[in-house]
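>>> Quick one, what's the 3D model for this:
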Amino acid sequence: MDNMAVCPLKLVMSIIGGKWKSSIVCLLSDGKQRRYSEIRGVISEITNTMLSQSLKELEKDRIITRIQFNEMPVRVEYCITEEGKRLQEALDLLNKWGVSYMERYGDCGESACGDCSFGARE
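Okay, here's the model as predicted:
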């Protein structure tokens, strides 16, 4: 398939689309490896099904890496990839745009997610 037959912006939105993926990317963007339970603890509103699905999709899209340790019981951790770090840079720009938009037009009514330190990046 010709790569130009796919809209790059639609591709990006398919990768980060949904309610939780940007929160997961932001959380892992500090470079620390985190276990499933750690991610679930920070993003407490996400269901187990949605977290599992989002992690699988982000791994498939090469945004995060799943690391399975050869231990019993099996231990799995997730970390951001170089591609994920590049995506986080774009999310930082979107966050700055969102702050500017909110200053002009008001917020969307959603409470601050607190899932990451976007405010510290401005």
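>>> now the chain, which segments are flagged as low pLDDT?
Counting by pLDDT under 70, the ranges of the chain that qualify are 1-4, 108-122.
>>> quick one: the helices in this structure?
Secondary structure of the chain (DSSP state H): helices located at 8-16, 21-28, 36-42, 48-60, 82-105, 118-121.
>>> Export those to JSON lines and append columns for mean neighbour count.
Quick note: C-beta positions are derived from backbone N, CA and C, even for glycine. Output for these, formatted as JSON lines (neighbours: other C-beta atoms under 10 Å):
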{"stretch": "helix 8-16", "mean neighbour count": "12"}
{"stretch": "helix 21-28", "mean neighbour count": "23"}
{"stretch": "helix 36-42", "mean neighbour count": "14"}
{"stretch": "helix 48-60", "mean neighbour count": "15"}
{"stretch": "helix 82-105", "mean neighbour count": "13"}
{"stretch": "helix 118-121", "mean neighbour count": "12"}
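>>> who wins for proximity to M72 among those?
Shortest separation from M72 across those is recorded for helix 36-42, at 16.9 Å, computed as C-beta to C-beta.
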